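In: This is the structure alone, sequence omitted:
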């Protein structure tokens, strides 16, 4: 197996046993990036010099006989909305294309402590608004399984990098499915942890009550390893939960006997691609075979999730993105004759159309006279969605659904934005309820990967990981390598 | 012209005296080099998050308790959205529909009349930065720079009911509020530095009307004087409009102190839609009753209680009002009471000669340029009471004390100002004066009472004013009858 196709846990052992050096590994991954990046377009910024220096440092630690952390010396990629001190962080937006942060996000600080390596920053939908990575101001990212297809989004770069061998692990962020859906489209593993499990400090806010950082990896074990490093309470984030973080790798047991898995019927109705459904049902059969108990359940308010999401998320975004005004940092229109004009022109020129659409939507729903009808009502519906899950989790341990009703679609911009919004129906409710969700590969439809989503109780990532791991170990899907084919 | 009733409500912003800002650990110190007390949080850097400073909540509770408010055990922060270059995030973290305090009051006294002014609410929020213009004003400047040192400094906004009916009442409310905030030590109340700021909502209505008139909000009131003048001007302006058959426009106006007028800033139509919504980066504030009780237990004696104490000790009410209005003055007074039992006289000195000096010098009582210590002022009162000094000579001693804080007794000796109360010495003088002024004696005996004053004057002249006037009077009367 090629180094760049290996997993974190395999490479960690080789590094610790001195069968491999971190410099060698890091160079191999950069060579791979040189080889395929033109086809994939996963990265916005690369940081080779610092990465190699860090690799040399880890090699010296190993040479000195130190026991290194599981992620030490193993190169990963960071979504470009996570603040990295001294390294450009653009959110794939023109308005931040010259922005170099002065501080590290909490997760980045944790990762640095563990002596990991950052290859660079990955492409994304502008400010994480999108499901295809096409709203990026920087570039198009292509799906490694078919270069003519979208990689999903908004963490499309982070997922494509894993599928194409351009990183060993990566971080994404998930507001309405932005980790799980691209993981699904790229045949890799992605976890959105429980809201509050991972500090949001330094994750450039899209929708504060929904955003959560999580790992994208080649297998479930790697996801557990990355989670171990990034989870935990942070005094800089009031919404981070003051709970102990277990060793997630301890949850990796092949055991689903008696596990009650719920199939919410609303996730299998109209709109789901028949071939996707077929793969999901095969996975259900596999779980039965492995000893799990399958229960059909209902989450009756599912149909309202997307519309309420498109009120709450833009409302929060309209305020979160107000700070990009050209005054302190980022893009500034230099011709403006007054401060209000400068702000107006900087924003008009600095933001792309999807971002503007959502800012307008959010501004509208918060306006006086509309607040009660939209925002307040949406918050009430959000409570109902949360209650649906509370109810269902009295009967089952995890829920099983397709991560997306479809596989990756063509990268031609022909999809109607509303149709794309609606496809997030399977991932959005999880964010609305603040629950953990994981997407793992479970098959192929028309040659493209299909993702299986497991949804867990709040703070019960361990059961999710165990269920995912058991399936993964009983199947071969996670071992499939993307062909990087297509017409391009 | 009809009679009009003025209706005033005040919105007061008080900067809290916490060491660090509301949502980050930057210093709140005033006057530092621009943009040196800043960090990713108060600069609104991408990805930075606020964390509520516990001391801000504590100070807000303390102010709320002192202002007789109900502390809301559940309250939450909201975002108030508007664009301005000094507002780093282009939203202000504030409290909208569930503030920390509701329903308090302040008692004021104007022209001897007591009145209770209601407080609607108190909420916590963050301050904005400050624009520094290259020219004199924003419109005449080539550019403006922003100093974010003040961005994120904690404030409380205290909103009154529209209970005030005159500029004098508004001033009394503001003075009383300032005193309470000083006593509770939550704000340093420097109106010039902007740590205490006031906006006034003003309307007029014809006597007998049941509904308030349309109000104008007046901003930029940086002193008690500005508050009074602005209200007086604005009331006159509004009455004139109504008298001319017009309608007052609901708008925001600014006080132009130099020209003594209010000027329109923006109308209701141009008013911001702040699009408030709950701040998702902060969890709601859930207060523990035990903590509220703990804060309550540490509240100092408030101006109202202090005033009651002074009244019980025979300090005249007008004096007491003035003394308790400033914690510094009241503390000085309390210190002075350790040296004298004559509190009425002490209070007279304090609001008379002491206040006169401080006003003339433009300094405060704790300024080092004011050199008289409270115990020395008390001793001065005692010297008068003991008959050592006449009140006239006491003023001379007071003037000397201002120069160097020497003990009054020592100064009396040094200046040779001791009152002559020796009966033998005075008797001799009385005899001399009687002998030297036979005409005056005759006049007095003929019923001209004025003649006695002349004789006393002669004795005072002979003693350079040091003779005890009471004794001189008494002795002269005895000799002449």
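Out: Arrived safely. None of the values given here were measured: they were computed from a predicted structure.
In: where are the low-confidence patches of the chain?
Out: All of this is about chain A. Residue ranges of chain A with pLDDT under 70: A:487-488.
In: sorry, should have said chain B
Out: Within chain B, the set of residues satisfying pLDDT under 70 is empty.
In: Can you spell out the domain ranges of it, please?
Out: B:4-294, B:301-415, B:423-480 (automatic domain parsing).
In: Leaving out the residues flanking it, which one is nearest to residue 23?
Out: Using chain A here. Among residues not flanking residue A:23 along the chain, residue A:55 sits closest, at 4.5 Å (Cβ to Cβ, 6 or more residues apart in numbering or on different chains). For the C-beta atoms, the positions are set from N, CA and C on the backbone; glycine is no exception.
In: looking at chain B here, not the other one
Out: residue B:50 (3.3 Å).
In: residues contacting the one you found?
Out: A:238, B:22, B:23, B:24, B:41, B:93, B:279, B:281, B:282 (Cβ atoms under 8 Å, 6 or more residues apart in numbering or on different chains).
In: Export the domains of chain B as CSV, with columns for distance to residue A:44.
Out: Formatted as CSV, the domains of chain B follow (distance: least, Cβ to Cβ, whole Å):
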stretch, distance to residue A:44
domain B:4-294, 15
domain B:301-415, 58
domain B:423-480, 92
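In: quick one, which of those is nearest to residue A:231?
Out: When the domains of chain B are compared by Cβ to Cβ, domain B:4-294 sits nearest residue A:231, at 16.9 Å.
In: so how far is the closest one from its chain's centroid?
Out: Its chain's C-alpha centre and that of domain B:4-294 lie 17 Å apart, by Cα atoms, centre = their mean, to the nearest Å.
In: Over to stretch A:394-414?
Out: 14 Å.
In: what's the first-to-last distance across that stretch?
Out: From its first residue to its last, stretch A:394-414 covers 42 Å (Cα to Cα, to the nearest Å).
In: Pull out the buried positions in it.
Out: A:396-409, A:411 (16 or more other Cβ atoms under 10 Å in any protein chain shown).
In: Keep only the residues you listed that also lie close to chain B.
Out: Contacts with chain B are made by none of the buried residues of stretch A:394-414, judged by Cβ under 8 Å from any Cβ of the partner chain.
In: Keep only those of those residues that are in strands.
Out: A:398, A:399, A:400, A:401, A:402 (DSSP state E).
In: SS state for the nearest residue to the fourth one once chain neighbours are set aside?
Out: The one in question is residue A:401. Spatial nearest neighbour of residue A:401, chain neighbours left out: residue A:267 (4.0 Å); criterion: Cβ to Cβ, 6+ apart. Three-state assignment for residue A:267 (DSSP: H, G, I helix; E, B strand; the rest coil): helix.
In: show me the contacts for residue A:267.
Out: Residues near residue A:267 by Cβ under 8 Å, 6+ apart: A:299, A:302, A:401, A:402, A:425, A:426.
In: neighbours around residue 60, how many?
Out: Just so you know, I chose chain A. Using other Cβ atoms under 10 Å in any protein chain shown, residue A:60 is surrounded by 11 other residues.
In: To clarify, I was referring to chain B.
Out: Residue B:60 is flanked by 29 other residues according to other Cβ under 10 Å.
In: now the residue in the stretch 351-488 of chain A that chain B sits nearest to: how far from residue B:355?
Out: Distances between the stretch 351-488 of chain A and chain B by Cβ to the nearest Cβ are smallest at residue A:366, namely 3.8 Å. Computed as Cβ to Cβ, to the nearest Å, the residue A:366 to residue B:355 distance reads 52 Å.
In: Looking at these two, which is more packed in?
Out: Neighbour count, other Cβ under 10 Å: between residue A:366 and residue B:355, residue A:366 has more, with 24 against 15.
In: show me the residues around that one that make contact.
Out: Per Cβ under 8 Å, 6+ apart, neighbours of residue A:366: A:315, A:318, A:374, A:375, B:81, B:275, B:276, B:277.
In: switch the cut-off to 6 Å
Out: Counting by Cβ atoms under 6 Å, 6 or more residues apart in numbering or on different chains, residue A:366 touches A:315, A:375, B:275, B:277.
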